[in-house]
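Chemist: task: produce atomic coordinates for the following.
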Amino acid sequence: MSQDKASLLQALDAERDNLWAVLADVDPAVDIYPGWNKRDFFAHMAGWDALMFTIFRDTVAGIPVTPYPYINVDVTNAQFVAERQSATVEGAKLECEINRFALKIFLESIPADAYGQLVRFPWASETVTQFVEGAIIHERDHARDIIELKQAGKL
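Modeler: Numbering: from 1, shown residues only. Below is the predicted model:
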């Protein structure tokens with residue numbers, strides 16, 4: 001899916017818009033994934049965007065990326081959800097939107113010719129392009145999962 005910077009960022013926005021539209025009518029009390037209701041889902045998204053913000057902030061500033069105690073994706077997701085247990089659905093969604101806005105500022109500030117450079121993430125090194133492509137796929141996969149649950153009458 002190699003695309004230019006502008007197309008990648010537009011696709012990232014489009015996938016988030018689609019995901020939010022798919023989530024709009026989901027009952028906040030119903031589990032989307034086992035043990036994750038709508039607030040927890042937003043907490044998951046907010047946590048990842050916050051972590052990515054930190055990584056790209058440090059990368060753009062040219063300082064070493066702050067180490068993150070990454071064990072695996074499930075542990076990290078559980079931490080993000082636990083940290084936001086006191087949030088409301090609306091508060092968790094707002095945090096998602098703020099964190100994504102901040103992250104996009106950094107992604108936009110990276111010159112297009114630097115999108116091929118490696119960035120160190122807690123799990124591996126990826127280019128900026130690979131990161132954005134992965135984020136697009138991540139949100140597309142969540143939207144597909146939610147649509148399938150709706151079609152099966154589970155949401």
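
Chemist: who are the contact partners of Leu103?
Modeler: Leu103 makes contact with Asp49, Met52, Phe53, Phe56, according to C-beta atoms under 8 Å, 6 or more residues apart in numbering. Every residue, glycine included, has its C-beta placed from N, CA and C.

Chemist: same question for Asn99.
Modeler: Applying C-beta under 8 Å, 6+ apart, we find Asn99 in contact with Ala46, Asp49, Ala50, Phe53.

Chemist: any idea how far the residue nearest to Leu9 when sequence neighbours are not counted lies from Lys93?
Modeler: In this structure, Leu9 finds its nearest non-sequential neighbour in Leu107, 6.2 Å apart by C-beta to C-beta, 6 or more residues apart in numbering. Counting by C-beta to C-beta, to the nearest Å, the gap from Leu107 to Lys93 is 21 Å.

Chemist: kindly report the same for Gly47.
Modeler: For Gly47 relative to Lys93 (C-beta to C-beta), the value is 13 Å.

Chemist: these two: which is more packed in?
Modeler: The residue with more neighbours, out of Gly47 and Lys93, is Gly47; 23 against 20, by other C-beta atoms under 10 Å.

Chemist: hang on, the more buried one packs against Asn77?
Modeler: Yes - in this structure, Gly47 is within contact of Asn77 by C-beta atoms under 8 Å, at 7.4 Å.

Chemist: next secondary structure after the helix or strand that the residue nearest to Leu9 is a member of?
Modeler: Assigned by DSSP states H and E, Leu107 falls within helix 89-109. The first helix or strand that comes after helix 89-109 along the chain, using DSSP H and E, is strand 118-120.

Chemist: what is that following strand packed up against?
Modeler: Under the contact criterion of 3 or more C-beta pairs under 8 Å, 6 or more residues apart in numbering; DSSP states H and E, strand 118-120 touches helix 38-61, strand 125-127.

Chemist: burial count for Thr88?
Modeler: 12.

Chemist: show me what contacts the closest residue to it other than its chain neighbours?
Modeler: Counting by C-beta to C-beta, 6+ apart, Arg39 is the residue found nearest to Thr88 once chain neighbours are left out, at 6.8 Å. Applying C-beta under 8 Å, 6+ apart, we find Arg39 in contact with Pro28, Arg84, Ala87, Thr88, Val89, Ala92.
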